[in-house]
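J.: 3D model of this:
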Amino acid sequence: MTDQQQAAAVEAEAAGRGGLDQSELDALVASSDTGGRSVGGPVGILLMLTALAWSLFQLYIASPFGLFNDTLARSIHLGFAVFLGIMAFPAARTKFQMILGVVVPLALAGLFMVAAKDSVAVWWVPIPAIAIAATVILGSPKDRVPVWEWALAIVGALTALYLFFFYRDIADRVGAPIMQDYVVAVIGIMILLEATRRALGPALMIVASVFLMYTVLGPNMPSIIAHKGNSLSEIVNHQWITTEGVFGIALGVSTSFVFLFVLFGSLLDRAGAGNYFIQVAFSLMGHMKGGPAKAAVVSSAMTGLISGSSIANVVTTGTFTIPLMKKVGFSSEKAGAVEVASSVNGQIMPPVMGAAAFLMVEYVGIPYFDVVKHAFLPAVISYIALVYIVHLEALKAGMVGLPRPTPPKPLLAWLMSIAFTIAVICGLSFAVYYLMGWIRPAFPETAGYIIFVFLTAVYVGLLYVASKEAPLELDDPNAPVTKLPLPGPTVRSGLHFILPVVVLVWALMVDRLSPGLSAFWATCYMVFILLTQRPLMAIFRGHSNFASDIKDGLLDLVDGLVTGARNMIGIGIATATAGIIVGSVSQTGVGAALADVVEVLSGGHILAILVLTAVLSLILGMGLPTTANYIVVSALLAPVIVTLGQQNGLIVPLIAVHLFVFYFGIMADVTPPVGLASFAAAAVSGGDPIKTGVVAFFYSLRTAALPFLFIFNTELLLIDVTWAQGIFVFIVATIAMLLFAAATQGWFLAKNRIYETIALLLIAFTLFRPGFWMDMISPPYTEMAASELTQAADATPIGETLRLRVAGVNDLGDPLEFVALLPLGEGADGTERLSAAGVTLRMDGDKVIIDDVAYNSAGQSAGLDWDQEVVRVLKPEPQPSKYLMFLPALLLLAGVVVLQRRRNGSGLDKVAAA
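T.: Alright, predicted model coming up:
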């Protein structure tokens, strides 16, 4: 929901009668994701057509034929978002929101008048502020759009479209705005913040307003964060006229990438894939201990492939899973918490990871393929651990699964079935891969058409298979459960839904197309499926009504296009408003000032700065959507973490820092007292939302632990590892995460005693970071005086890195000390090897000074520069394999197993179950 007070009221009502009905759940999702105003008649049709036009526009500019200037596309994108944001979301739901809607525009008017400093006439500035405040006071009903709302929406859209209409004129006067620019920018910023308040709640509007205030009042700030202050001319130019602020990278990513992925998920869900994933998960896992909860985790993971919204995921899958979890013994709060923990993790599940993942492409400067690769392992491990947590809860409560539809297969037959399935999948994968690899060079001009024909043949074949099965219906979760659906028929009934995902993954991973173009082709294939699956299925089943089936397919397509656009309203507005914050950071230089503040607070310790970053993400996440939270925290603290890590001798890849911020951004959807996903789950379960959030937080501790681990062990992100190493890391990390889950849940093979919990945590930590203990036993580096640098370079093995503690100054002239990693190649002696790395030294008394660093050399890449002083040298030393530390860890684990089996009676069975 947009506002926590209203959410609490909804929860109280839901708890009184055991949950909300379907219409109320639809309203819950609408109020948070697509707009709480329901308008019929001509106005409703106009809004529907506007949303449809937005989707069609985005498809056009993403296509290979859509040659469109990026800035102009961003302008139109924001115009649609602001117009629909004002029209779809009512003005205010609470008195607090109403007060903010009045106070903030008036405060901004005063701020802009102060910033003008008599350089331009600003007597008109209060007029739009008063007009916006008046629209809030007058109010707006949920069933119609009053005339003043129309005026606000149209003016807001026109200010966003200003760059589109006057692009050439503006290009000739960048840095010298005219009166027209002032008027449009001031009104545009005010209306954008009003749209933000409506669609996303007050938090992001307040944060953006604070940054604008900081931009103007810099000289009046405390000395550590003070700056010269910026005039209204500079603000207008930076925030609205150029692409440094509102129309910056964040809005560009929303325009180029995010919309298409959201639209793809909406169309896939409209085709029936969401229900298919839920049914498949239940058919495969419903018979296990706590089966509905395990199925909820798996179905939420699959739904996360097509949905970037935590709340929509909770309500979509939770409507079915939560009542069934309660039926097999979970309390309302635990059932809701399982759904929350699994649904929120959908945002970290590749290949569709929510808007923040696409922002990483731009901010980190790596292909989307690499983002997916780095994020894949932690996401899978997190989901496996959640399934195990559910299993532990079932063991503790003595739960049983739902009745099987057929007798279980013998173990040998079950294993043979799994092996055969894996062999078929691998065979098909290799066949497709090498077939595609042969087609492209053989038919470079027509390869796309050939592949489309091949996919279509597979699609028709899968539809024929599906037509022989009964159509999947979404069962009533409140009805008595007599048996589960049969796995085979359930899986076969929707295999064609996998094809668009295959197209998306192939375009991203194999063809290495841009995310936007990949999503475009996947969406096009999804459009083809929506238009053809009904008539083809009817033909195969022998009761075709071709005209009616085509009409139904068209209606599904239009509904999916409209829903996709409405799902993008909040994201489009959030990325634009976050651009104000990013623009303020770049304009004022607050990032460098904040680095000093954070360094003082953390004492220069990397772990302390990570904790501070996590806490800041959680606090901001109480009011900011995940995307905006990620933009703000990464813009402020990601460079600080990298810099402090280097100063502490820890080289942290930038992608690891951005994923760290992202993980804690999504954790905010869980964490009480706000956790919107927890409120949504409690609305379904009828439980207490705060208790649901607390339980979900403990279930999500595994997600909170992973970011700290992959900062210090980047192998978890598959950075610089081979395939064999990646498989080994996956197995070990999964075992470690299961043991961590067992420790935090207080149950392994039996109820843990305190010393067993501590032992499990130690074992898990050792499996995750064996190097921590090995470095204590056998230090990896020998510290040498700076004067021995050439000797250390001579003794360093070829291909190894020499670590140098270097002192110098940063770009602002402030003292700086950091650790540089200098790779060394071949050479006759240390001096020659340093020279080959581009480094020339000179002695200044007893000091070793870097006299010169060759351009584009290994030394320059390591951060070395002339006139820096080498403080000390860390020469690499031979070290036993860090994996030897697994031996004591496994021995300790064996001791815990023995102790718990003795208390547990028939321990062998419990070990097998665990």
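J.: So which elements touch the helix or strand containing residue 381?
T.: Using DSSP states H and E, residue 381 falls within helix 368-397. Counting contacts by 3 or more CB pairs under 8 Å, 6 or more residues apart in numbering; DSSP states H and E, helix 368-397 is packed against helix 291-303, helix 332-344, helix 355-360, helix 654-667, helix 701-712, helix 723-745, helix 907-913. Using the backbone N, CA and C atoms, a C-beta is placed for each residue, glycine as well.
J.: Return the most buried member of these.
T.: helix 332-344 (a mean of 30; mean count of other CB atoms under 10 Å).
J.: May I have it exported as PDB, CA atoms only?
T.: Output of helix 332-344 as PDB, limited to C-alpha atoms (Å, rounded to 0.1, in the frame of the first residue of the first chain):
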ATOM      1  CA  SER A 332      -1.400 -17.300  10.000                       C
ATOM      2  CA  GLU A 333       1.800 -15.400  10.700                       C
ATOM      3  CA  LYS A 334       4.100 -18.200   9.700                       C
ATOM      4  CA  ALA A 335       2.100 -18.900   6.500                       C
ATOM      5  CA  GLY A 336       2.300 -15.300   5.600                       C
ATOM      6  CA  ALA A 337       6.000 -15.000   6.500                       C
ATOM      7  CA  VAL A 338       6.900 -18.000   4.200                       C
ATOM      8  CA  GLU A 339       5.100 -16.300   1.300                       C
ATOM      9  CA  VAL A 340       6.700 -12.900   2.100                       C
ATOM     10  CA  ALA A 341      10.300 -14.400   2.300                       C
ATOM     11  CA  SER A 342       9.800 -16.300  -1.000                       C
ATOM     12  CA  SER A 343       8.000 -13.500  -2.900                       C
ATOM     13  CA  VAL A 344      10.500 -10.800  -2.000                       C
END
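J.: and that helix, how far from the chain's centre?
T.: On the basis of CA atoms, centre = their mean, to the nearest Å, helix 332-344 sits 19 Å off its chain's mean C-alpha point.
J.: Give the other helices and strands that that helix contacts.
T.: Helix 332-344 packs on helix 291-303, helix 310-327, helix 368-397, helix 676-685, helix 689-699, going by 3+ CB pairs under 8 Å, 6+ apart.
J.: which stretch among those helices comes nearest residue 565?
T.: helix 310-327 (14.7 Å; CB to CB).
J.: quick one: average pLDDT of that closest one?
T.: Averaged over helix 310-327, pLDDT sits at 72.
J.: Now do residue 61: how many residues are near it, please.
T.: By the criterion of other CB atoms under 10 Å, residue 61 has 22 neighbours.
J.: Distance check, it against residue 574.
T.: 20 Å (CB to CB, to the nearest Å).
J.: so when I look at residue 874, I'm seeing a strand, right?
T.: Yes. According to DSSP: H, G, I helix; E, B strand; the rest coil, residue 874 belongs to a strand.
J.: ok, and the closest non-adjacent residue to residue 666?
T.: Once flanking residues are discounted, residue 666 sits nearest to residue 347: 4.9 Å by CB to CB, 6 or more residues apart in numbering.
J.: Touching, that neighbour and residue 670? I think so.
T.: No. Using CB atoms under 8 Å, residue 347 is not in contact with residue 670; the gap is 11.3 Å.
J.: okay, those two: which has more neighbours?
T.: The neighbour comparison of residue 347 against residue 670 (other CB under 10 Å) goes to residue 670, with 32 against 26.
J.: To which secondary structure element is that one assigned?
T.: Counting by DSSP H and E, residue 670 is part of no helix or strand.
J.: hmm, back to that, tell me which of the helices and strands packed on helix 332-344 is the most buried.
T.: Using mean count of other CB under 10 Å, helix 676-685 ranks as the most buried of the helices and strands packed on helix 332-344, with a mean of 31.
J.: got a list of contacts for the helix or strand hosting residue 265?
T.: If you go by DSSP H and E, residue 265 is part of helix 259-271. Here helix 259-271 makes contact (CB atoms under 8 Å, 6 or more residues apart in numbering) with 55, 58-59, 62, 77, 274, 305-308, 316, 352, 358, 497, 500-501, 504, 515-516, 519-520, 522-523, 526-527, 529-530, 533, 556-557, 559-561, 563-565, 567-568, 571-572.
J.: Need phi/psi at residue 819.
T.: Per-residue torsions, residue 819: phi -100, psi 130 (degrees, to the nearest 10).
J.: Also the one 10 residues further on?
T.: Dihedral angles phi and psi of residue 829 (degrees, to the nearest 10) take the values phi -150, psi -180.
J.: In this structure it contacts residue 790, no?
T.: Yes. Between residue 829 and residue 790 there is a contact under CB under 8 Å: 7.2 Å.
J.: still on that earlier bit, ok, the residue nearest to residue 666 to residue 128 distance?
T.: 36 Å.
J.: One more: residue 224?
T.: Distance of residue 224 to residue 128, given as CB to CB: 35 Å.
J.: Who has more neighbours out of these two?
T.: residue 128 (22 against 10).
J.: Next up, the contacts around that one.
T.: 105, 109, 186-187, 190-191.
J.: per-residue confidence for it?
T.: pLDDT for residue 128: 92.
J.: go on, residue 6?
T.: Value for residue 6, per-residue pLDDT: 47.
J.: same thing with residue 261?
T.: 81.
J.: One more: residue 711?
T.: Per-residue pLDDT puts residue 711 at 84.
J.: Likewise for residue 58?
T.: So residue 58 comes in at 94 (pLDDT).
J.: that older thread, neighbour count: residue 829 and residue 790, which is higher?
T.: The neighbour comparison of residue 829 against residue 790 (other CB under 10 Å) goes to residue 790, with 17 against 12.
J.: Give me the spatial nearest neighbour of that one, chain neighbours excluded.
T.: That would be residue 830: by CB to CB, 6+ apart, it lies 3.6 Å from residue 790.
J.: what's around the one you found, how many residues?
T.: The burial count for residue 830: 19, using other CB under 10 Å.
J.: Now for it: which residues touch it?
T.: Contacts of residue 830 (CB under 8 Å, 6+ apart): 789-795.
J.: Roughly how far does it sit from residue 847?
T.: 18 Å.
J.: Equivalent analysis for residue 60, please.
T.: Taken as CB to CB, the span from residue 60 to residue 847 is 63 Å.
J.: List the contacts of the host helix or strand of residue 822.
T.: Taking DSSP H and E as the criterion, residue 822 maps to strand 815-823. Here strand 815-823 makes contact (CB under 8 Å, 6+ apart) with 643, 646-649, 651, 799-810, 837, 839, 858-859, 862-864, 871, 874.
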